[in-house]
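Asks: no sequence on this one, just coordinates:
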């Protein structure tokens, strides 16, 4: 029986590892391509898989020395992926200050019906500004009571998972809906004046890269973020939303990492996945981003509880 199991591990283990190698290499290629993009997001998972293969081949190496070479290769890929995650490691760049602004970001999932669980987290966290994504008329009807504490708001309902809304305790200056691309994906924006300073806030939900056209539009929206952020001499910016990418993708590096914006989760060094909330934590990837201009600082970054959506909420405390 043991010999049968060992033979199974040798053949199937090596076959799966070769697939693992090709997927890893694809995700590491420096090209802006939809297929490379898909494989680029799972660095943490690849570290875990590389470690599992390393242990497997160490065991098989006790039966046949040739498997020790494969164990070294598995360890090498685990280390490579760990290096790709280096921005999440190090000393936290959280700064304590009195002038604070707390932002809550919820991708609600249009078909989700757990309205009370969202409101419960809002009551617990007490953010100053709430950005909701994927809202339709039913969602907006069931969260009307938010307006009691958040009297300044703009709502844009849609049936296609791209409705968006913004609620604020602070008066909004020129709140509006913008279309950044020909696909008319709505972006919500407003200015607020706080502690004598003007901040411009954008709620952004890019298209998921599920096809070549959506991939192109998502990248156009990422490019628009960097274009707007170049006007930092006029405004301090906050871009918050489900960007349908992680910091590991070539597109993110091209449009966001190369800008002067900073990712709040990287500054906080928390590395927590937000999608898919229905999976185990080690299977999730961080698709929610809060990008901030220089001069803004992170006081806290927290991923909230599952409230029935496929995304977990994010709560960020900022200071300036």
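Replies: Yep, that arrived. What you are looking at is a predicted structure, and each value in this text was computed from that prediction instead of being measured.

Asks: Just give me how far the lengthiest helix in the chain sits from the chain centre.
Replies: When the chain is scanned for its longest helix (criterion: DSSP state H), the result is helix 2-28. Relative to the chain's own centre, helix 2-28 is displaced by 30 Å; criterion: CA atoms, centre = their mean, to the nearest Å.

Asks: cool, stretch 286-299 as well?
Replies: Offset of stretch 286-299 from its chain centre (CA atoms, centre = their mean): 12 Å.

Asks: Likewise for stretch 280-287?
Replies: With CA atoms, centre = their mean as the basis, stretch 280-287 stands 10 Å off its chain's centre.

Asks: In that stretch, which residues are buried?
Replies: Residues 284, 285, 286, 287 are the ones in stretch 280-287 that count as buried (16 or more other CB atoms under 10 Å). C-betas here are computed from N, CA, C, even on glycine.

Asks: Tell me which other helices or strands the least confident helix or strand in the chain by mean pLDDT touches.
Replies: One helix or strand of the chain scores below all others by mean pLDDT, DSSP states H and E: helix 2-28, with a mean of 87. Packing contacts for helix 2-28, counted by 3 or more CB pairs under 8 Å, 6 or more residues apart in numbering; DSSP states H and E, involve helix 34-40, helix 43-61, helix 67-84.

Asks: tell me which strands and helices the shortest one is in contact with?
Replies: If I follow you right, that is helix 34-40. Contacts defined by 3+ CB pairs under 8 Å, 6+ apart place helix 34-40 against helix 2-28, helix 212-229, helix 250-252.

Asks: Not including adjacent chain positions, what is the nearest residue to residue 211?
Replies: Closest residue to residue 211 apart from its sequence neighbours, by CB to CB, 6 or more residues apart in numbering: residue 34 at 7.6 Å.

Asks: Correction: the previous question concerned residue 101.
Replies: Among residues not flanking residue 101 along the chain, residue 318 sits closest, at 4.9 Å (CB to CB, 6+ apart).

Asks: again, but for residue 193
Replies: residue 173 (6.7 Å).

Asks: pretty sure the one you found contacts residue 191?
Replies: Yes. The criterion here is CB atoms under 8 Å, and residue 173 meets it with residue 191 at 3.9 Å.

Asks: Mind listing the shared neighbours of those two?
Replies: Common neighbours of residue 173 and residue 191, counting by CB atoms under 8 Å, 6 or more residues apart in numbering, are residue 198.

Asks: helix or strand for residue 238, which one?
Replies: Using DSSP states H and E, residue 238 sits in strand 236-242.

Asks: Okay, angle between that strand and helix 212-229 too, please.
Replies: Between strand 236-242 and helix 212-229, the angle comes out at 160 degrees (axes from the mean of the first three to the mean of the last three CA atoms, to 10 degrees).

Asks: Report the distance from stretch 172-179 to the chain centre.
Replies: Centroid separation for stretch 172-179 versus its chain: 23 Å, with CA atoms, centre = their mean.

Asks: Likewise for stretch 121-130?
Replies: In terms of CA atoms, centre = their mean, the gap separating the centre of stretch 121-130 from the centre of its chain is 20 Å.

Asks: Use 55 as the first number from now on
Replies: Yep, numbering from 55; the last one is stretch 175-184 now.

Asks: List the buried residues in that stretch.
Replies: For stretch 175-184, burial by neighbour count (16+ other CB under 10 Å) applies to 175, 176, 181, 182, 183, 184.

Asks: measure residue 366 to residue 161 for me?
Replies: Residue 366 sits 9 Å away from residue 161, going by CB to CB, to the nearest Å.

Asks: Need the overlap of contacts for those two.
Replies: By CB under 8 Å, 6+ apart, residue 366 and residue 161 have these common neighbours: residue 342.

Asks: Turn the helices and strands packed on helix 88-94 into TSV, including distance to residue 192 and mean neighbour count.
Replies: TSV is the format used below for the helices and strands packed on helix 88-94 (distance: least, CB to CB, whole Å; neighbours: other CB atoms under 10 Å):
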stretch	distance to residue 192	mean neighbour count
helix 56-82	38	14
helix 266-283	25	19
helix 304-306	33	21
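
Asks: Next, format those helices as a markdown table and append distance to residue 204.
Replies: As requested, those are exported to a markdown table (distance: least, CB to CB, whole Å):
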| stretch | distance to residue 204 |
| --- | --- |
| helix 56-82 | 40 |
| helix 266-283 | 25 |
| helix 304-306 | 31 |
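
Asks: nearest to residue 218, of the ones you listed?
Replies: With CB to CB, the closest approach to residue 218 among these belongs to helix 266-283: 12.9 Å.

Asks: which strands and helices sit next to the closest one?
Replies: Using 3+ CB pairs under 8 Å, 6+ apart: helix 266-283 touches helix 88-94, strand 290-296, helix 304-306.
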